[in-house]
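# Give me a 3D structure for the following:
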Amino acid sequence: MEFMIRQFAYATAIFISSACGLIIEIVAGRLIAPYVGMSLYTWTAIIAVVLTGLSLGHWIGGRLAGPDVGTVVGGRRVAIALGLAAISSMASLMLLRAVSAQLLGSGLPAIPSIILLTSALFLLPSLFVGIVSPILTKLAVDADPLRHGPVIGRMYALGTLGSIAGTLCAGYVFISWIGSTGTVIAVAVVYAVLGLAFAISDSLRALFLALLVIAGASLGWWGQQVQAFISPCNTESNYFCIRVADYSDQTGRPSALMALDHLVHSINDRDDPSMLYSPYIHAVDELLKLRFAEKKEGFSPRAFFIGGGGYSLPRAWAHEFEAADLIVAEIDPQVTRVAQENLWLNPATPGLTVNHRDARALLQSLPENEPFDLIFGDAFHDISIPPHLVTQEFHSQIARRLAPGGAYAINVVDAGSSPLFLFSLIKTLNKDFSSVEAWVEREEIGNPGRVTFIVIASDTPSAVTTLTARHGVRRTWRRWPMEDLEDRISRAGVPILSDDFAPVDRLMSRALLQAE
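Modelled structure (predicted):
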């Protein structure tokens with residue numbers, strides 16, 4: 001009976017500790033997203049750092065699981081490793097507040113800053129939990145020395161299964177239920193309880209418990225000082241850290257903004273939906289109304305919106321055009337809920353249809369014989385557009401669903417000095433559209449940093465090359481001269497984006513690694 005209890009304890013401990021290690025890896029991306037965004041570069045750093053910590057931990061754990069290590073000493077070492085994993089996991093919340101501002105503002109290039117920040121937060125928790133598996137496996141083999149092969153295989157399998165369970169639970173349950181901060185705290189508590197369970201049979205359990213209590217109290221005090229237990233997110237969904245802030249001081253009117261991760265996506269006016277404070281949304285509104293001017297009196301547009309965010313333009317057009325038919329594909333229902341509760345969105349507005357689906361899948365399901373006057377691409381992952389929404393295959397579907405004279409407008413953020421992604425996107429759009437234009441707000445012309453471009457793809461070019469806003473904030477946009485744009489694209493040698501090859505993050509590396 002004692003043999004079975006020990007094997008069950010070791011199996012349970014390796015499963016749970018492995019699950020917690022992967023939960024920390026998944027939640028790491030959400031924790032740092034409000035500070036550095038979510039891109040290929042942040043996930044590369046997180047995975048590399050966590051794997052480095054686990055590798056070092058496995059090596060150290062193997063050294064601590066020598067042939068002379070018995071049940072008591074091995075259990076004691078597992079308890080200590082789990083206690084340190086609990087402390088370092090909890091400390092990551094405080095270090096995030098204490099280190100991020102200084103490190104990201106130090107002037108270091110972006111990639112070293114992201115790697116150093118990720119290492120400061122998540123290397124030690126991964127290292128300490130990595131120590132546990134080799135020791136537990138050694139103890140399990142000692143308990144059944146005649147079947148060491150099957151025992152080792154079972155422990156490896158349980159560790160992997162635990163990692164899978166932790167990944168699924170973090171992604172589908174914990175982050176959206178209790179948030180990233182709550183998830184880290186829960187993992188730290190689980191580590192501490194596991195460590196205490198291994199310390200119970202040890203004569204040093206009182207010392208272990210005392211040190212754990214002291215460390216917990218110290219971290220609790222530190223966390224209160226730096227507000228580490230207060231999430232920067234108003235809402236954490238399966239997709240975004242969603243934040244809402246009052247914007248009335250900047251506009252002089254009741255207004256609010258929505259930020260997803262670390263990027264502002266929408267600014268809405270409470271009393272006048274047609275007041276469009278975001279320049280790129282304002283530009284699309286003005287450019288498309290210029291095209292609508294040729295339509296007959298009483299015209300109302302039919303539009304498809306790729307991404308909802310704060311629903312600024314759908315809300316404005318539903319207010320302005322009585323018979324508008326506006327379909328919005330917003331993949332995150334929590335974004336819609338927050339917009340409804342804080343940015344004065346009414347999803348029941350006549351003419352407005354909200355679908356919580358991927359935009360490409362939704363567009364494919366719609367009939368091609370009901371064309372749109374506008375398809376507006378405004379879906380983002382950090383500052384980049386999801387790759388499957390920028391390929392020639394998707395553009396072909398869009399072109400088939402536009403009415404004559406209709407337009408596909410895309411919001412693009414890229415480096416002003418060398419916008420390689422913008423060039424690649426335009427080169428790809430040229431395969432399906434006879435006219436592809438790049439517009440930019442006059443104040444951003446010549447800015448080498450991040451610039452927001454508005455791309456207009458259609459069968460008909462715009463009637464003007466300079467456009468001044470006729471409503472709302474006074475702004476002017478200019479169209480990139482076509483000859484110069486074509487020459488720059490040709491010299492850049494950028495690829496055509498396809499479902500097989502769409503290196504969005506590589507093309508946007510200059511913009512992704514720049515400060516806002």
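# Tell me which stretches of the stretch 251-400 of the chain form strands.
255-260, 263-269, 302-306, 325-329, 352-355, 372-377 (DSSP state E, counting those that start in this stretch).
# Walk me through the regions of this protein where pLDDT falls short of the threshold, as ranges.
1-3, 5, 37-38, 105, 201-230, 511-516 (pLDDT under 70).
# Follow the chain on from the longest strand out of those in it and name the next helix or strand.
If you go by DSSP state E, the chain has its longest strand at strand 402-415. Per DSSP states H and E, the first helix or strand lying C-terminal to strand 402-415 is helix 420-429.
# Check which residues of that next one are buried.
For helix 420-429, a neighbour-count test (16 or more other C-beta atoms under 10 Å) marks 420-429 as buried. Yep, even glycine has a C-beta here, placed from its N, CA and C like the rest.
# Quick check: of these, which lies closest to residue 294?
residue 429 (22.7 Å; C-beta to C-beta).
# after the helix or strand harbouring residue 26, next one along is what?
Using DSSP H and E, residue 26 falls within helix 2-36. As assigned by DSSP H and E, the chain's next helix or strand after helix 2-36 is helix 40-63.
# all helices of the stretch 401-516 of the chain, in order?
420-429, 482-492, 504-507, 509-512 (DSSP state H, counting those that start in this stretch).
# rewinding a little: direction-wise, compare the longest strand of the chain with strand 302-306 and give the angle.
Interaxial angle, strand 402-415 versus strand 302-306 (axes from the mean of the first three to the mean of the last three C-alpha atoms, to 10 degrees): 30 degrees.
# helices or strands next to strand 402-415 in the packing?
helix 279-292, strand 372-377, helix 392-400, helix 420-429, strand 450-458, helix 509-512 (3 or more C-beta pairs under 8 Å, 6 or more residues apart in numbering; DSSP states H and E).
# Now tabulate the ones you listed in JSON lines and tack on distance to residue 92.
Converted to JSON lines, these look like this (distance: least, C-beta to C-beta, whole Å):
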{"stretch": "helix 279-292", "distance to residue 92": "36"}
{"stretch": "strand 372-377", "distance to residue 92": "36"}
{"stretch": "helix 392-400", "distance to residue 92": "39"}
{"stretch": "helix 420-429", "distance to residue 92": "33"}
{"stretch": "strand 450-458", "distance to residue 92": "29"}
{"stretch": "helix 509-512", "distance to residue 92": "24"}
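# out of these, which comes closest to residue 22?
helix 509-512 (25.6 Å).
# In this structure residue 387 contacts residue 504, no?
Yes. Residue 387 is in contact with residue 504 according to C-beta atoms under 8 Å; the separation is 4.8 Å.
# what do these two both touch?
Counting by C-beta atoms under 8 Å, 6 or more residues apart in numbering, the shared contacts of residue 387 and residue 504 are residue 497.
# So what's the gap between stretch 61-69 and the chain middle?
Here stretch 61-69 is found 40 Å from its chain centre; the criterion is C-alpha atoms, centre = their mean, to the nearest Å.
# what sits up against it?
74, 77, 81, 130-135, 137-139.
# same check, this time on stretch 281-298
266, 276, 299, 301, 312-313, 316-317, 323, 373-374, 376, 378, 405, 407, 409, 411, 439, 441, 454, 456, 460, 462-464, 467, 469-473, 475, 477.
# Can you select the buried ones from those residues in ChimeraX?
The ChimeraX command for the buried members of the contacts of stretch 281-298 (criterion: 16+ other C-beta under 10 Å) is given here:
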select :266,276,301,312,313,316,317,373,374,376,378,407,409,411,439,441,454,456,462,467,469,472,475,477
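# sorry, back to before: could you list the buried residues of the helix holding residue 26?
Those buried within helix 2-36 under the rule 16+ other C-beta under 10 Å are 6-7, 9-11, 13-36.
# Next, residue 383: phi, psi?
phi -100, psi 0 (degrees, to the nearest 10).
# Now do it against residue 307, distance only.
Distance of residue 383 to residue 307, given as C-beta to C-beta, to the nearest Å: 13 Å.
# what residues are up against residue 71?
6, 139, 142.
# could you redo the last one with a cut-off of 6 Å?
For residue 71, no residue meets the contact criterion (C-beta atoms under 6 Å, 6 or more residues apart in numbering).
# now residue 241
33-34, 233, 261.
# let's go with 7 Å and repeat that
Residue 241 makes contact with 30, 33-34, 232-233, 261 under the criterion C-beta atoms under 7 Å, 6 or more residues apart in numbering.
# Bridged to it, which residues?
Bridge pairing for residue 241 (DSSP bridges) gives the partners residue 236.
# Let's have the helices of the stretch 401-516 of the chain in CSV, adding distance to residue 247.
Output for the helices of the stretch 401-516 of the chain, formatted as CSV (distance: least, C-beta to C-beta, whole Å):
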stretch, distance to residue 247
helix 420-429, 28
helix 482-492, 34
helix 504-507, 30
helix 509-512, 25
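# which stretch among these comes nearest residue 445?
Using C-beta to C-beta, the helices of the stretch 401-516 of the chain put helix 482-492 closest to residue 445, at 12.3 Å.
# Taking their axis directions, the closest one and helix 420-429 sit at what angle?
Going by the same axes, to 10 degrees, helix 482-492 makes 110 degrees with helix 420-429.
# quick one, which of the helices and strands packed on strand 402-415 is nearest to residue 55?
Of all those, helix 509-512 comes closest under C-beta to C-beta, at 27.2 Å.
# Including distance to residue 280, could the strands of the stretch 251-400 of the chain go into CSV?
Formatted as CSV, these follow (distance: least, C-beta to C-beta, whole Å):
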stretch, distance to residue 280
strand 255-260, 14
strand 263-269, 10
strand 302-306, 13
strand 325-329, 17
strand 352-355, 21
strand 372-377, 10
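# how long is stretch 262-277 from one end to the other?
18 Å (C-alpha to C-alpha, to the nearest Å).
# ok now it, how far from the chain's centre?
The answer for stretch 262-277 is 22 Å, by C-alpha atoms, centre = their mean.
# thinking again about what came up before, the helix holding residue 26: how far from the chain's middle?
Chain-centre distance of helix 2-36: 22 Å, with C-alpha atoms, centre = their mean.
# which other helices and strands contact that helix?
With contacts defined as 3 or more C-beta pairs under 7 Å, 6 or more residues apart in numbering; DSSP states H and E, helix 2-36 has these neighbours: helix 40-63, helix 71-104, helix 110-143, helix 148-169, helix 175-199, strand 241-246.
# Which among these is found nearest to residue 354?
It is, among these and with distance given as C-beta to C-beta, strand 241-246, at 16.2 Å.
# re the thing from before, and for the longest strand of the chain, what are the contacting residues?
280, 284, 288, 291, 371-378, 383, 398, 421-422, 425, 450-460, 508, 510-511, 514.
# burial count for residue 144?
The number of residues packed near residue 144 is 14, by other C-beta atoms under 10 Å.
# Do I have it right that it meets residue 152?
No. Judged on C-beta atoms under 7 Å, residue 144 makes no contact with residue 152 at a distance of 10.4 Å.
# follow-up on the earlier one: out of the helices and strands packed on helix 2-36, which gets nearest to residue 445?
Short answer: helix 110-143, nearest of the helices and strands packed on helix 2-36 by C-beta to C-beta, at 24.6 Å.
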